[in-house]
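Trainee: Give me a model of this one.
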Amino acid sequence: MPGFQRHSRSSRAGRRALAVLSATLWVLLTAGPSRAVTFTVTRTDDQLDSSPGDGLCSASNGGGCSLRAAVQEANALSGADGIYLPPGTYSLTLAGAGEDLAASGDLDITSAITLLGTGWAVTTISGASSADRLFDIQGFADLELGDVTLTGGSVAGVGGGIQVRTGGTLVVRRSRIQGCLAHHGGAIGTLGGSVTIEDAELSGNWALSAPPTWYARGPALAADQQAVVTVRRSSLHDNRSDGGSLYNVAVWNSSLSVESSSLVNDTFSSGGIEATLSDVAVISSTVDRISVDGGSPAGASLTLGCSIVGYCTPYGAHVTYTNYGLNVFFDGQSCVGPSDVDGEWNLYRLWAPPGKFPARVPNAYSSALEGGHPFVCIAEDQWSQLQRPFDNDGDGVAALEVGAVEAATLIFLDGFEIGSTAFWSATVP
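Mentor: Below you'll find the predicted structure:
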């Protein structure tokens, strides 16, 4: 047994040494610059950081923490960092497009940053004076953006509000992007990046042509080069193009998933999805146009279920179409399946309850009312995120709606509580 005792003392000594080493490493890792930092912005003007990487957000002109200085500090520090914006309008005014260190023009993101405002109605980032987009997410960098409004970004290229480069990641939550313009992707453009949009609004953005180099595509969002795009509980509407595209969203060689969302205007203009050589899935959503081109012979795919769709057009023999059923079409053409309804577009005009983003609610004549089923439809709608269904036709049986929103918000189903006679009994073909 003496040998066992000697071995036991040696083991205890080894464990003590390992514990000391572990504690030392923990102190080094948590005390160094890799520890996550959150910067609170204290000034609304556009100023550079005095010394990026020192862990202090201090503007070179008078101190305090500007948005640009916070981004420069977060980029310089290793690890994921945060930026908080109190209520106010933060204007980007340092002109100078084309550099990638957030020193002028757009805010370049080169690390992992979470940027949160106080709410999209009270916190705004404006690029109207910078003659550039607002954010440029570099390859393999991450930006999570929440509770803000972005406006005024513009660029002769991709992504008037935000560009996501190959390998970059963007998540937009509870936010609004409006009044931005580009050739491809007026609000958001990506070449090979990952984009997730949740509980957000993209509206009033533009795609502009500059032939023969650029043709307008995707005034709300454009994606190419194996990008991955997900849209959940969001509203993309009233985005415009000066020519070339009739669609809010344009994707090439990429994948797009749309859930419980509205990609629809009050008329069939500049709405919906245009996809080429891409995989598109639309579930529990309202979309005024879907066009999928499979090319030859590369191929594409379209999956539909529990959605209200105006026009649906798969082009060519190389589109794989999966129909989960329970769709309502205005003109579904070859998209119409045996459990679908065709030739109907009974919707109120765009409207939203307080604090939400617009959708088109089915009116009293719509087959979408309680036309869904939990095997196909998503349990949370665009507005409430509550578990549906509700009894919306007064028959005593609760059933899911087809499309992006439940009609439970409308008490009388004829629009009286909307508050405007323009919406009463409105049916817009």
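
Trainee: Tell me how far Y247 lies from T89.
Mentor: 31 Å (Cβ to Cβ, to the nearest Å). Using the backbone N, CA and C atoms, a C-beta is placed for each residue, glycine as well.

Trainee: between the two, which one's more packed in?
Mentor: A count of neighbours by other Cβ atoms under 10 Å puts Y247 above the other of Y247 and T89, at 30 against 13.

Trainee: doesn't T276 make contact with that one?
Mentor: No: counting by Cβ atoms under 8 Å, Y247 stays clear of T276, with 11.1 Å between them.

Trainee: tell me the helices in the stretch 51-200 of the chain, going along the chain?
Mentor: In the stretch 51-200 of the chain, the segments counted as helices under DSSP state H, counting those that start in this stretch are 67-76.

Trainee: Once you drop chain neighbours, what's closest to Y247?
Mentor: Nearest residue to Y247 in three dimensions, chain neighbours excluded: E274, at 3.9 Å (Cβ to Cβ, 6 or more residues apart in numbering).

Trainee: which residues does that neighbour bridge with?
Mentor: Note on E274: beta-bridge partners A250, S291, judged by DSSP bridges.

Trainee: Help me confirm that it comes into contact with S254.
Mentor: No: using Cβ under 8 Å, E274 is not in contact with S254; the gap is 11.8 Å.

Trainee: Low-confidence bits of this protein, can you list those?
Mentor: Residues of the chain meeting the criterion pLDDT under 70: 1-35, 243-245, 268-270, 385-395, 397-398, 408-429.

Trainee: Quickly list what the residue nearest the centre of it is bridged to.
Mentor: Centroid check for the chain by Cα atoms, centre = their mean gives I197 as the closest residue, at 2.0 Å. I197 has these beta-bridge partners by DSSP bridges: V172, V231.

Trainee: hang on, it packs against R233?
Mentor: No: using Cβ under 8 Å, I197 makes no contact with R233, being 9.1 Å away.

Trainee: how long is stretch 240-255 end to end?
Mentor: 22 Å (Cα to Cα, to the nearest Å).

Trainee: actually stretch 123-137, not the one I wrote
Mentor: Stretch 123-137: ends 21 Å apart by Cα to Cα.

Trainee: buried set for that stretch?
Mentor: 123-127, 130-137 (16 or more other Cβ atoms under 10 Å).

Trainee: Identify the farthest-apart pair in those residues.
Mentor: Across those, no pair lies farther apart than T123 and A131, at 22.6 Å, counting by Cβ to Cβ.

Trainee: Return the set of buried residues in stretch 80-96.
Mentor: Result for stretch 80-96 [16+ other Cβ under 10 Å]: buried residues 81-85, 88, 90-92, 94.

Trainee: Now, these that are in strands?
Mentor: Using DSSP state E, the subset of these located in strands is 81-84, 88, 90-91.

Trainee: Give the phi and psi angles for S334, as a check.
Mentor: In terms of degrees, to the nearest 10, the main-chain angles of S334 are phi -80, psi 0.

Trainee: Adding distance to G305, write the buried residues of stretch 123-137 out as JSON lines.
Mentor: As requested, these are exported to JSON lines (distance: Cβ to Cβ, whole Å):
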{"residue": "T123", "distance to G305": "36"}
{"residue": "T124", "distance to G305": "37"}
{"residue": "I125", "distance to G305": "36"}
{"residue": "S126", "distance to G305": "39"}
{"residue": "G127", "distance to G305": "38"}
{"residue": "S130", "distance to G305": "42"}
{"residue": "A131", "distance to G305": "43"}
{"residue": "D132", "distance to G305": "40"}
{"residue": "R133", "distance to G305": "35"}
{"residue": "L134", "distance to G305": "35"}
{"residue": "F135", "distance to G305": "33"}
{"residue": "D136", "distance to G305": "36"}
{"residue": "I137", "distance to G305": "32"}
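
Trainee: Restricted to strands, list these.
Mentor: 123-126, 135-137.

Trainee: Contacts only, for the nearest residue to V264 once chain neighbours are set aside.
Mentor: Excluding the flanking residues, the one nearest V264 by Cβ to Cβ, 6+ apart is D288, at 4.4 Å. By Cβ atoms under 8 Å, 6 or more residues apart in numbering, the contact set of D288 is 263-265, 268, 271-272, 309-311.

Trainee: ditto for L350
Mentor: 237-238, 262, 264-266, 358-360.

Trainee: From those, pick the one nearest D331.
Mentor: V264 (14.5 Å).

Trainee: Does the closest one touch I273 like I think?
Mentor: No: in this structure V264 lies outside contact range of I273 using Cβ under 8 Å: 10.8 Å.

Trainee: Mutual contacts of the two, please.
Mentor: V287.

Trainee: export the ones in strands among the buried residues of stretch 123-137 to a markdown table and tack on distance to D49?
Mentor: Output for these, formatted as a markdown table (distance: Cβ to Cβ, whole Å):
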| residue | distance to D49 |
| --- | --- |
| T123 | 21 |
| T124 | 22 |
| I125 | 17 |
| S126 | 20 |
| F135 | 17 |
| D136 | 17 |
| I137 | 19 |
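
Trainee: for the residues you listed, which one is nearest L107?
Mentor: Of these, the one sitting nearest to L107 (Cβ to Cβ) turns out to be F135, at 5.2 Å.

Trainee: what pairs with L202 across the strands?
Mentor: I177, L236.

Trainee: Against W120, how distant is it?
Mentor: From L202 to W120 the distance is 12 Å (Cβ to Cβ).

Trainee: So for these two, which sits in the more crowded spot?
Mentor: Neighbours were tallied for L202 and for W120 using other Cβ under 10 Å; the higher tally belongs to L202 (31 against 23).

Trainee: The more buried one against V229, yeah?
Mentor: No: the criterion here is Cβ under 8 Å, and L202 misses it with V229 at 11.9 Å.

Trainee: Quickly list what's touching both of those two.
Mentor: L221.

Trainee: Please identify the buried residues of stretch 325-341?
Mentor: Residues 326-332, 335-337, 340-341 are the ones in stretch 325-341 that count as buried (16+ other Cβ under 10 Å).
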